[in-house]
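Visitor: A structural model of the following input is requested.
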Amino acid sequence: MKLWRALLVLSFGLLSGCLVTFKDPIPANEAAPPHLLGEWSRQNEYGEEQFLEITRSGPNVYRAISYLENKENTDSAEDFGFTVARHGKRWYFSAGLPKSMGGNFVLAGFEITDKDELVIYNLDVGQILEDIEKGALQGQKVDSEQGAGALVNSPLPKVLAYFNDQANSDVFVEALRFQRVVRREGQ
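Guide: Below is the predicted model:
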């Protein structure tokens, strides 16, 4: 599954079918941490081994290929581009959504732990909707067949400042956890 698809599946399952999207992407102004590049794996919700291979595709633009079991399984292989930014102590990425899903952008947080795990954090839709209502972010509620979502149209610097504010640290929910794939010689 594409990472955005994986986030959607988790959003639908864990957060009552909701998704937070953004009008603005993260511009390609910053390089990702070098340790992000490489191959990662995890056991997905269906017990299948899911791989995520991250490479550089241009100046400060990255490519992720997600697939189940092996790359030859073209039915499961998905490919997408993304950009990253570090704001404060946190890393974020953004990826475009297809026009069928509004054509906006998904933003998520990520970290690489001391145990060499890639942890991806989704946004709590309910919290984002509350904060839009309070005026902390500009945006609107978006209804879909899967439930209520949010479209944030605040400028990116305001969004990143909001994310980095300790008072909003609970807006992120762990969505995916990958382990580094270590290949032995001859593999």
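
Visitor: so where do the helices sit in the protein?
Guide: Remark: helices assigned in the chain by DSSP state H are 3-14, 125-134, 156-164.

Visitor: among those, which gets the worst mean confidence?
Guide: Mean pLDDT across the helices of the chain is lowest at helix 3-14; the value there is a mean of 43.

Visitor: pick out the residue nearest the middle of the chain.
Guide: Taking C-alpha atoms, centre = their mean, the centroid of the chain lies closest to A108, which sits 3.9 Å from it.

Visitor: where along the chain do the strands fall?
Guide: Here the chain has its strands, by DSSP state E, at 20-22, 38-43, 49-58, 61-68, 78-87, 90-96, 105-112, 117-123, 139-144, 147-152, 172-180.

Visitor: ranking these by burial, who's on top?
Guide: strand 20-22 (a mean of 23; mean count of other C-beta atoms under 10 Å). Just so you know, the C-beta spots here come from the backbone N, C-alpha and C atoms, and that holds for glycine as well.

Visitor: what about G47, how many neighbours?
Guide: 6 (other C-beta atoms under 10 Å).

Visitor: next one: it from E69, what distance?
Guide: G47 sits 11 Å away from E69, going by C-beta to C-beta, to the nearest Å.

Visitor: hmm, P25 is touching Y92, no?
Guide: No - look at P25 against Y92 with C-beta atoms under 8 Å: they stay out of range, at 10.6 Å.

Visitor: how about the strands of the chain, which one is nearest A32?
Guide: strand 78-87 (4.5 Å; C-beta to C-beta).

Visitor: low pLDDT regions in the protein?
Guide: Along the chain, segments meeting pLDDT under 70 span 1-18, 70-76, 145-146, 184-187.

Visitor: at 90 what do you get?
Guide: 1-19, 44-48, 65-80, 87-90, 96-104, 142-149, 164, 166, 169, 182-187 (pLDDT under 90).

Visitor: R180 and L37 touch, don't they?
Guide: No - the pair R180 / L37 is not scored as a contact, 10.8 Å apart, by C-beta under 8 Å.

Visitor: and V20, what does it touch?
Guide: For V20, the contact set (C-beta atoms under 8 Å, 6 or more residues apart in numbering) comprises V106, L107, N122, L123, V125, I128, G149, A150, V152.

Visitor: once you drop chain neighbours, what's closest to it?
Guide: Setting aside the residues directly before and after it, V20 is nearest to L123 in space (C-beta to C-beta, 6 or more residues apart in numbering), at 4.3 Å.

Visitor: quickly list what that neighbour is bridged to.
Guide: L123 forms beta bridges with F172, as assigned by DSSP bridges.
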